[in-house]
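Colleague: build me a model:
(one chain, ligands or ions: 1)
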Amino acid sequence: MAGDPVAFGEATRFAPSPTGLLHLGHAFSALTAAAHGRFHLRIEDIDRERCRPHYEAAIFQDLAWLGLDWPQPVMRQSDRLPAYQAALARLAPLTYPCRCRRADIRAALSAPQEGALPAGPDGLIYPGTCRHRRHEEAEPDDVIRLDTARAFAALKIDRIAFRDAAILPGEDHVLSADEFAQGIGDVILARRGMGASYHLAVVVDDAAQGITLVTRGKDLFDATYIHVLLQRLLDLPTPRYLHHRLIRNEAGKRLAKRDDARAIRHYREAGATPADIRRMIGL
Ligand code: GLU
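Modeller: All right, here's what the predicted structure looks like:
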């Protein structure tokens with residue numbers, strides 16, 4: 001990509017969830033990954049309730065139609081639960097079981113707060129109600145949270161930093177431990193009924209696939225602080241990052257999977273070529 005400091009030759013990936021048809025934003029993400037090196041596909045299907053096999057089949061077909069190919073076998077998160085469990089076991093001294101439901105968290109946050117509740121890349125900033133609980137007290141329905149303050153202390157660091165190839169390239173993006181506590185909080189590492197949260201799975205999987213450059217939308221930029229912290233805690237390498245622009249509709253709204261009209265498949269059925277798709281997304 002013109003002007004981009006990251007060279008071709010990276011190990012990159014595209015990691016869609018099979019919860020709907022791929023849209024133009026996904027095409028942009030996948031083509032950006034492929035433009036920078038060897039492209040890997042990963043099916044992010046830990047949320048079994050929302051994922052559907054026919055959407056996975058559609059992902060393969062749509063990407064192949066766009067002219068992409070990828071190493072086989074494709075990694076599927078649903079096959080990776082033992083790897084997530086191993087990571088969770090390793091982090092156990094820094095985590096705790098949490099039984100708060102969304103309503104409990106909202107109630108705890110709204111007491112001292114007027115107006116919008118504080119939220120970050122992992123949702124509402126958890127007020128720490130369960131932080132004192134021990135794993136022996138865990139109930140089957142609990143989620144597992146990272147005690148962020150303990151994590152920073154264990155690493156003997158007071159900030160997280162990374163660089164991005166697209167957003168202020170060459171400069172460090174820095175978040176202090178205090179800013180992390182206030183703006184992100186104690187993130188969820190495992191959810192009810194799932195072996196891992198997105199944040200834990202993505203970190204474990206990017207390392208397992210040997211990804212050197214993570215290309216994904218800007219909407220995930222803030223989540224990268226969580227991922228870098230988890231990489232440090234798990235002794236995994238931090239890949240390079242490139243958070244790209246988001247593809248929006250005419251109203252300026254970011255595309256979502258429910259915007260079926262923008263599905264790659266529908267353009268294709270209406271006679272568009274892969275070159276037309278590239279043009280539509282400014283490639
Ligand atoms: N499965 C995520 C999504 O579809 C991808 C996140 C990532 O690229 O790290 O948004």
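
Colleague: only C-alpha atoms for contact and neighbour calcs from this point on.
Modeller: Noted.

Colleague: which other residues reach stretch 191-208?
Modeller: For stretch 191-208, contacts defined as C-alpha atoms under 8 Å, 6 or more residues apart in numbering pick out 46-48, 77, 81, 83-85, 87, 140-144, 188-190, 223, 226-227, 230-231, 236-237.

Colleague: try it again with 7 Å
Modeller: By C-alpha atoms under 7 Å, 6 or more residues apart in numbering, the residues outside stretch 191-208 that reach it are 46-47, 81, 84-85, 141-144, 188-190, 227, 231, 236-237.

Colleague: quick one, which of those residues are buried?
Modeller: Using 16 or more other C-alpha atoms under 10 Å as the burial test, the contacts of stretch 191-208 include 46-47, 81, 84, 142-144, 188-190, 227, 231 as buried.

Colleague: how about those, which pair is most distant?
Modeller: Farthest-apart pair in the buried ones among the contacts of stretch 191-208 is Asp142 and Gln231; separation 23.8 Å (C-alpha to C-alpha).

Colleague: what ranges does this structure have for its helices?
Modeller: In the chain, the helices defined using DSSP state H lie at 24-35, 53-65, 81-91, 102-110, 148-155, 177-183, 198-208, 223-233, 264-269, 274-280.

Colleague: give me the buried positions along the third one.
Modeller: By that I understand helix 81-91. Quick answer for helix 81-91 (16+ other C-alpha under 10 Å): 81, 83-84, 87-88, 91.

Colleague: do the fourth one as well
Modeller: Counting neighbours by 16+ other C-alpha under 10 Å, one finds that the buried residues in helix 102-110 are 105-106, 108-109.

Colleague: any idea how far Arg13 is from Ala263?
Modeller: Look at Ala263 and Arg13: by C-alpha to C-alpha, to the nearest Å, they are 20 Å apart.

Colleague: who has more neighbours out of those two?
Modeller: Arg13 (28 against 22; other C-alpha atoms under 10 Å).

Colleague: in space, what's closest to the more buried one - neighbours in sequence excluded?
Modeller: Excluding the flanking residues, the one nearest Arg13 by C-alpha to C-alpha, 6 or more residues apart in numbering is His40, at 4.3 Å.

Colleague: quick one: average confidence on stretch 113-120?
Modeller: When pLDDT is averaged over stretch 113-120, the result is 84.

Colleague: neighbours around the residue nearest to Arg13, how many?
Modeller: Neighbour count for His40, taken as other C-alpha under 10 Å: 24.

Colleague: just checking, it touches Glu10?
Modeller: No. Counting by C-alpha atoms under 7 Å, His40 stays clear of Glu10, with 10.6 Å between them.

Colleague: pLDDT weak spots in this structure?
Modeller: Along the chain, the parts satisfying pLDDT under 70 run over 1-6, 257-261.

Colleague: distance of Gly282 from the ligand?
Modeller: 20 Å (C-alpha to the nearest ligand atom, to the nearest Å).

Colleague: next: Val202.
Modeller: Taking C-alpha to the nearest ligand atom, one finds Val202 at 6 Å from the ligand.

Colleague: which parts of the stretch 101-250 of the chain sit against the ligand?
Modeller: Arg216 (C-alpha under 6 Å from any ligand atom).
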